[in-house]
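# One predicted model, sequence on top.
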Amino acid sequence: MSTKRVTTPHEYVDVLIVGAGISGIGAGYYLQKEHPSTSYAILEARGATGGTWDLFRYPGIRSDSDLHTFGYAFKPWVSDKAIAGADAILAYLREAAAENGIDRKVRFHHKVLGAAWSSEEAQWVVDVERGDSGERLKIACRWLFCAGGYYRYDQGFSPRFEGAERFGGPIVHPQHWPEDLDYTGKRVVVIGSGATAVTLVPAMAEKAAHVTMLQRTPTYILPRPSGDAIAKLLRKYLPAEQAYEITRRKNVTMQRAIWRLCQSYPRLARRLIRHINAKQLPEGYPVDEHFNPPYDPWDQRLCVVPDADLFKAIRSGRASVVTDGVETFTEGGITLKSGREIEADVIVTATGLNLQVFGGIAMTVDGVPVHLPDTVAFKGMMLSGVPNFAFAIGYTNASWTLKVGLLCEHFCRLLGYMDDQGHTICRPELGDPEMPRRPLLDFAAGYVQRSIDTLPRQGDRAPWLMTMDYEADAKLLREGSVADPNLRFSSHVRRAATAASVRADPVRVDPVRAEPGVAEPGVAARAVHPLVATEVSHG
């Protein structure tokens with residue numbers, strides 16, 4: 001991206017990436033590999049790389065996706081543990097950043113507050129707060145790439161529990177785990193049934209007197225080995241890169257097969273999961289009460305437990321599950337809706353996350369605020385009416401990084417296309433403003449439903465779908481054309497030159513032409529910016 005900018009009183013980079021977690025590091029890699037002349041910087045609000053894997057410090061934290069698909073396509077995962085803990089994942093991410101010099105592009109304690117797009121100069125001016133002092137600075141960029149995921153880093157979700165102020169022990173949210181919390185020999189209640197809860201329970205049971213998982217509604221839970229025997233065998237006979245690629249393809253296929261089975265035959269999937277759970281639990285255990293959700297598999301995320309550790313903790317008597325509602329906290333525990341009481345010394349509220357898409361950045365386009373629910377996601381990586389803006393949100397039904405890798409590849413192809421064609425501006429526009437819309441994340445999880453009205457939307461047809469199918473995305477993003485009738489390309493440089501020519505000799509100047517995707521030369525067009533009710537001409 002070597003196009004000369006018109007004016008910029010601020011520091012300038014071609015691409016400004018927000019977030020130095022797994023998505024931001026991946027974006028940096030693809031950028032410098034595919035566009036080595038493109039300047040970029042990564043802004044990180046916290047003081048370390050790694051995102052989620054550096055932030056969360058609760059016992060047992062791990063990925064519930066295998067690292068052969070959760071890892072990067074460009075860096076083999078060589079550990080025998082396919083389901084790995086946070087320490088191993090964090091080391092892997094930081095090694096990837098250091099090996100490729102990406103860590104030198106990261107600026108810590110840089111929190112992005114807002115971003116203003118100027119069509120005249122074809123750039124974003126980003127407001128940044130630096131350090132604890134609150135110092136403010138501005139950075140200009142041609143492209144803004146949000147790689148911070150979709151939940152709030154500074155605040156987890158915890159509903160108000162009646163009587164919480166009366167409880168005599170600590171009440172802890174996993175997102176804010178205290179380093180000095182000692183639960184050795186104590187009675188622990190973990191409120192929740194999602195991935196965090198099923199991770200915490202067996203990990204805390206190793207030291208606690210007893211751990212109770214208190215859930216309002218059961219979750220689908222599947223045990224799987226923490227190691228991958230096939231990956232280990234392949235590494236014995238093949239180079240690491242080749243063994244990794246084969247294992248990655250195998251696991252993608254398996255993930256997709258499980259997803260399709262659950263979607264196509266939910267009753268069969270429910271029976272299979274129940275059968276697997278029953279085999280892992282003590283004889284006579286009330287499986288239907290505690291492990292038979294009222295919804296279909298994958299209406300919410302299916303939780304994976306490596307080496308059946310949750311079931312082992314239950315079988316050993318060190319952990320138990322209670323399905324009931326909370327009536328009130330008491331001085332010594334919790335009274336349930338049924339009237340039963342659970343004694344506790346420590347209560348952990350593994351009650352979920354708060355969503356905050358794009359880090360809560362306030363965006364404007366030519367002075368008009370962007371109202372996210374009015375926008376529609378284009379190819380799951382851009383927003384209608386918002387120029388030169390991209391984002392990375394991974395899969396909810398498979399490994400996050402699989403989607404992010406495809407998005408980064410497509411983004412780099414888009415930059416190359418714009419350079420080749422001399423474009424400086426790219427803006428998705430809805431061809432059919434009346435197209436039916438639905439939530440960006442078509443997912444029944446509570447943390448999604450609580451924030452659904454604040455998120456962008458998706459449409460009912462490509463390229464406006466937020467697909468959750470890796471094979472379909474690979475065809476669209478890796479193999480499909482960058483040019484699209486719903487994309488409007490233009491050049492502020494040509495526009496400025498045309499305006500200057502009009503002033504110099506208005507008789508000899510050709511009409512300004514729109515360039516929707518690969519428009520034929522000589523075809524004039526008008527485009528109405530979805531967020532700005534004025535006519536915009538494209539170079």
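Here it is on my side, so go on. For clarity, every value in this text was computed on a predicted model and none was experimentally measured. Residues are numbered from 1 along each chain as shown.
# Going by C-alpha atoms from here, please, whenever you check contacts or count neighbours.
Will do.
# What are the buried residues along stretch 451-463?
By 16 or more other C-alpha atoms under 10 Å, the buried positions in stretch 451-463 come out as I452, T454, L455, P456, R457, Q458, G459, P463.
# Please apply the same query to stretch 131-144.
Under the neighbour-count criterion of 16+ other C-alpha under 10 Å, stretch 131-144 has K138, I139, A140, C141, R142, W143, L144 buried.
# picking that back up, can you tell me which one of the buried residues of stretch 451-463 sits lowest on pLDDT?
Least confident by pLDDT among these: that is I452, with 81.
# Help me confirm that that one comes into contact with P439.
Yes - I452 is in contact with P439 according to C-alpha atoms under 8 Å; the separation is 6.5 Å.
# What about the buried residues of stretch 131-144, which are in strands?
The members of the buried residues of stretch 131-144 that map onto strands under DSSP state E are K138, I139, A140, C141, R142, W143, L144.
# Now do the buried residues in the lengthiest helix in the chain.
Secondary structure of the chain read by DSSP state H shows that its longest helix is helix 240-264. Buried residues in helix 240-264, counting neighbours by 16+ other C-alpha under 10 Å, are found at 240-241, 243-245, 247-248, 251-252, 255-256, 258-259, 262.
# For the stretch of helix or strand R274 belongs to, what is the distance to the chain centroid?
Using DSSP states H and E, R274 sits in helix 266-280. Averaging C-alpha positions (C-alpha atoms, centre = their mean, to the nearest Å) puts helix 266-280 29 Å from its chain's average.
# got the angle for it vs helix 240-264?
Counting by axes from the mean of the first three to the mean of the last three C-alpha atoms, to 10 degrees, helix 266-280 lies at 120 degrees to helix 240-264.
# quick one: buried residues of helix 266-280?
So helix 266-280, judged by 16+ other C-alpha under 10 Å, has buried residues P266, A269, R270, I273, R274, N277, A278, Q280.
# any idea of the mean pLDDT in the longest helix of the chain?
Mean pLDDT, computed over helix 240-264, is 94.
# who touches it?
Residues from elsewhere that reach helix 240-264, judged by C-alpha atoms under 8 Å, 6 or more residues apart in numbering: 66, 68-69, 73, 75-78, 230-231, 234-235, 268-270, 296-298, 397-398, 469-470.
# so how far is that helix off the chain centroid?
With C-alpha atoms, centre = their mean as the basis, helix 240-264 stands 20 Å off its chain's centre.
# In contact with the closest residue in space to R166 that isn't next to it in sequence, which residues?
Of all residues not flanking R166 in the chain, E331 sits nearest, at 5.2 Å (C-alpha to C-alpha, 6 or more residues apart in numbering). Contact partners of E331, counting by C-alpha under 8 Å, 6+ apart, are R166, F167, G168.
# Helices - which of those land there?
Using DSSP H, no member of the contacts of E331 sits in helices.
# now this protein, which segments are flagged as low pLDDT?
Within the chain, the segments meeting pLDDT under 70 span 1-9, 443-447, 493-539.
# follow-up on the earlier one: what's the farthest-apart pair in the ones in strands among the buried residues of stretch 131-144?
Of all pairs drawn from these, the greatest distance, 14.5 Å, lies between K138 and W143 (C-alpha to C-alpha).
# now R216: how far from A195?
Note on R216: its distance to A195, by C-alpha to C-alpha, to the nearest Å, is 15 Å.
# So which of those two has more stuff around it?
Neighbours were counted for R216 and for A195 using other C-alpha atoms under 10 Å; A195 has more, 21 against 15.
# Surely the more buried one touches Q300?
No - using C-alpha under 8 Å, A195 makes no contact with Q300, being 11.0 Å away.
# which residues do the two both contact?
Common contacts of A195 and Q300 (C-alpha under 8 Å, 6+ apart): none found.
# quick revisit: now render the contacts of E331 as a markdown table, adding neighbour count.
Compiled in a markdown table, these are given as follows (neighbours: other C-alpha atoms under 10 Å):
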| residue | neighbour count |
| --- | --- |
| R166 | 13 |
| F167 | 19 |
| G168 | 15 |
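# quick one, what contacts the closest residue in space to P439 that isn't next to it in sequence?
If you skip the residues right next to it in sequence, P439 has R457 as its closest partner in space, 4.9 Å away by C-alpha to C-alpha, 6+ apart. Shown in contact with R457 (C-alpha under 8 Å, 6+ apart): P373, D374, T375, V376, A377, R437, R438, P439, L440.
# and if we set it to 6 Å?
Counting by C-alpha atoms under 6 Å, 6 or more residues apart in numbering, R457 makes contact with V376, R438, P439, L440.
# Any idea how many residues pack against the first one?
Read it as V376. V376 has 28 neighbouring residues, counting by other C-alpha under 10 Å.
# Please identify which helix or strand holds L43.
Per DSSP H and E, L43 falls inside strand 40-44.
# Only the buried residues of stretch 167-180, if you could.
F167, I171, V172, H173, P174, Q175.
# what's the farthest-apart pair in those residues?
Spatial extent of those (C-alpha to C-alpha) is set by the pair F167 and Q175 at 20.2 Å.
# Next, find the distance separating P293 from V386.
Distance from P293 to V386, counting by C-alpha to C-alpha: 40 Å.
# how distant is stretch 351-368 from the center of its chain?
Computed by C-alpha atoms, centre = their mean, the chain-centroid distance of stretch 351-368 equals 13 Å.
# Can I get that stretch as CSV, trimmed to CA atoms?
What follows is stretch 351-368, C-alpha atoms only, in CSV (Å, rounded to 0.1, in the frame of the first residue of the first chain):
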residue,chain,number,x,y,z
THR,A,351,-21.5,-16.9,34.9
GLY,A,352,-20.2,-15.7,31.6
LEU,A,353,-18.8,-12.8,29.6
ASN,A,354,-19.9,-9.3,28.6
LEU,A,355,-19.7,-8.7,24.9
GLN,A,356,-18.1,-5.5,23.6
VAL,A,357,-17.6,-5.8,19.9
PHE,A,358,-14.6,-4.0,18.4
GLY,A,359,-13.4,-3.0,21.9
GLY,A,360,-16.1,-0.4,22.3
ILE,A,361,-14.4,1.9,19.8
ALA,A,362,-16.6,4.9,18.8
MET,A,363,-16.5,5.2,15.0
THR,A,364,-17.6,8.0,12.7
VAL,A,365,-17.6,8.1,8.9
ASP,A,366,-17.3,11.6,7.5
GLY,A,367,-18.5,13.0,10.8
VAL,A,368,-21.5,10.7,11.1
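# Which parts of it count as buried, going by neighbours?
For stretch 351-368, by 16+ other C-alpha under 10 Å, it's 351-359, 361-365.
# what's the closest of the residues you listed to L430?
Taking these together and measuring to L430 by C-alpha to C-alpha, the closest member is V365, at 16.5 Å.
# Grab the nearest non-local neighbour of that closest one.
Leaving aside its sequence neighbours, V365 sits nearest to W117 (C-alpha to C-alpha, 6+ apart; 4.7 Å).
# Roughly how far does the one you found sit from Q123?
Separation of W117 from Q123 (C-alpha to C-alpha): 6 Å.
# and L268, what does it touch?
L268 makes contact with no residue, according to C-alpha under 6 Å, 6+ apart.
# could I get the buried residues of helix 240-264 as TSV with distance to D87?
Putting the buried residues of helix 240-264 into TSV (distance: C-alpha to C-alpha, whole Å) gives the following:
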residue	distance to D87
A240	22
E241	23
A243	23
Y244	21
E245	23
T247	22
R248	21
N251	23
V252	24
Q255	24
R256	28
I258	28
W259	29
C262	32
